[in-house]
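> A structural model of the following input is requested.
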Amino acid sequence: MPPTWVQLTYLACAVCFILSLKGLAGPKTARAGNLLGAAAAVVAVAVPFFYLELDHVPLILVAIALGSAAGVLGAQKVQMTQMPQMVALFNGVGGGAASLVALLELHEMVPHADSAFGPGWFTFAATAFTILVGAVSFAGSVVTFAKLQELMTSRPVVFPGLPVVFGVLLLASVVLSVLTVTDPTMWIGIVLALLGLAVGVLLVLPVGGADVPIVISLLNAFTGLTVAAGGYVLGNVVLLVAGTLVGSAGTFLTLLMAGAMGRSVANILFGALKGGSTLGAGVASDRPVRSAGPEDVAILLGYAERVIIVPGYGLAVAQAQHTLRELVDVLAARGTKVDYAIHPVAGRMPGHMNVLLAEAQVPYEQLVEMDDINGEFKHTDVVLVVGANDVVNPAAKTTPGAPIYGMPILDADEAKQIVFMKRSMRPGFAGIENELLFDPKTTLLFGDAKDSLGKLLSAVKGL
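Below is the predicted model of the structure:
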């Protein structure tokens, strides 16, 4: 049993984690919440050095130094467009670490399995759960990283017999998990971890397109649960509390995102097996559209009384958020009412657009969620879509059988005029054509978003 001061310190760290999560719920307190959680994590890592007689301390310090350096370097170098990939990798590393720690604990527990004073069956069950689910989270997160980084196709990958193979692996994993409790050996634990890796890969391969961010959230929940189970095995209250927070938050976020897509989690994970996931063709259309130059679009915006901006992943790719904010400021100075319409799954992860626009110091009051702004589109003179596609695609409402059918969207098609800023006619992440591009009310402004917004800004200033 740890000394009283250690237990009180861990309790304080756990409370800080809870307060940190609360702080992250709002933009004004998010930075403070993040710093509070980070400080609590540093304290929790440092405490064992002061009350335990640790072995291999130099190796532990080297590992901490290498991990810290990698974290600092990653935070400084990562682009906003690559944030989801980084989240996927960090999440996977957490799951993999939990699985490895559980394997080491199993190695220590096996010699005492038959002892009257040895670990109970529930401890072995928690260990098996941590090994299996941690491996699933690690392998699945690596595949999501590869999809988002375009190291492999982002479309669903299926092959004949995949459901059977997946089912057999899952059943085998359950059997080995039971054996870990009833007749534990180190070899069973190792094979269980390998099966978890295979299950994680096959779980994510059939997921494609706009569904990938939701799977990142689900795998994040998996990692949290494994950390919580690992905390039980180690008797560490900080891991137990932190893992429970991550697991529960990830679960709620997954369900909320699935609801925002108008789909069930099961359909998102396995829909491709029956052709129901994001399986767009991904081919650019050669149908005629109406396009215009920055000067023409500037006239539309400059004399509009109500404008709504719909940001998307293309805005992040072009790093055009600062120019967009300046354009909005100029329009507001002319008396135009401007808001940003934020779809729950715009970008590549939850809150991607909020973070991107906060980086440009956009007032949070101008960021309006989908449910609150959809009623405003019919009263809007111009909707400016910057780098978004699927979140305004009417196929979600009008085309049964479309990959995104049933997904709630921003009702941009109800506005008086729609301006699309696009690099090309290439479909969005879901890989399907957007009929809104061919609407008579729609004007396309082709080009890099940052360059086009710069020209548009100059043209509006010259009105």
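
> list the residues that contact Val238.
Applying Cβ atoms under 8 Å, 6 or more residues apart in numbering, we find Val238 in contact with 10, 13-14, 17, 44, 231. Any C-beta I mention is one placed from the backbone N, CA and C, and that applies to glycine too.

> in this structure Gly189 contacts Val181, no?
No: counting by Cβ atoms under 8 Å, Gly189 sits too far from Val181 to count as a contact (11.4 Å).

> overlap in contacts, those two.
Shared contacts of Gly189 and Val181 (Cβ under 8 Å, 6+ apart): Ala128.

> the more surrounded of the two?
For Gly189 versus Val181, neighbours defined as other Cβ atoms under 10 Å are more numerous around Gly189 (28 against 17).

> burial measure for the residue nearest to that one when sequence neighbours are not counted, as a count.
Counting by Cβ to Cβ, 6 or more residues apart in numbering, Leu106 is the residue found nearest to Gly189 once chain neighbours are left out, at 4.5 Å. Neighbourhood size, Leu106 [other Cβ under 10 Å]: 27.

> would you verify that Asp55 is located in a strand?
No: using DSSP: H, G, I helix; E, B strand; the rest coil, the assignment for Asp55 is coil, not a strand.

> ok now the least confident helix or strand in the chain by mean pLDDT, how far from the chain's centre?
Using mean pLDDT, DSSP states H and E, helix 265-270 stands out as the lowest-scoring helix or strand of the chain, at a mean of 78. From the chain centre to the centre of helix 265-270 is a distance of 16 Å (Cα atoms, centre = their mean, to the nearest Å).

> and if you look at stretch 399-414?
21 Å.

> buried residues in that stretch?
402-405, 407-414 (16 or more other Cβ atoms under 10 Å).

> got it, and stretch 446-460?
For stretch 446-460, by 16+ other Cβ under 10 Å, it's 447, 449-450, 452-457, 459-460.

> dump it to CSV, keeping only the CA atoms.
Coordinates of each C-alpha in stretch 446-460 appear next as CSV, following Å, rounded to 0.1, in the frame of the first residue of the first chain:
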residue,chain,number,x,y,z
PHE,A,446,-11.4,27.8,-58.5
GLY,A,447,-7.9,28.0,-57.1
ASP,A,448,-5.9,27.6,-53.9
ALA,A,449,-8.0,28.9,-51.0
LYS,A,450,-5.3,31.1,-49.6
ASP,A,451,-4.5,32.7,-53.0
SER,A,452,-8.2,33.1,-53.9
LEU,A,453,-9.1,34.6,-50.6
GLY,A,454,-6.3,37.1,-50.9
LYS,A,455,-7.5,38.2,-54.3
LEU,A,456,-11.1,38.3,-53.0
LEU,A,457,-10.0,40.4,-50.0
SER,A,458,-8.3,42.9,-52.3
ALA,A,459,-11.3,43.1,-54.5
VAL,A,460,-13.7,43.6,-51.6
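
> contacts for it, please.
The contact list for stretch 446-460 (Cβ under 8 Å, 6+ apart) reads 291, 294-295, 297-298, 301-302, 314-315, 317-320, 323-324, 326-327, 330-331, 386-387, 421-424, 445.

> ditto for stretch 297-310
Outside of stretch 297-310, the residues within contact range by Cβ under 8 Å, 6+ apart are 324, 327-328, 331, 334-341, 343, 346, 373, 376-377, 379-386, 388, 391-392, 410, 412, 415, 417, 419, 443, 445, 456, 459-460, 462-463.

> what separates Thr380 from Gly406, distance-wise?
25 Å (Cβ to Cβ, to the nearest Å).

> brain fart, Pro206
According to Cβ to Cβ, Pro206 stands 19 Å off from Gly406.

> centroid-nearest residue for the protein?
Centroid-nearest residue in the chain, with Cα atoms, centre = their mean: Met349, separated by 3.6 Å.

> can you tell me the SS state at that one?
Secondary structure, three-state DSSP: Met349 is coil.

> the residue nearest to Gly189 is in what secondary structure piece?
Assigned by DSSP states H and E, Leu106 belongs to helix 83-109.

> just for the stretch 51-200 of the chain, where's the confidence low?
Counting by pLDDT under 70, the stretch 51-200 of the chain has low-confidence residues at 80-81, 116.

> now the strands for the chain?
Along the chain, counting by DSSP state E, strands occupy 306-311, 337-342, 367-369, 382-386, 417-422, 442-446.
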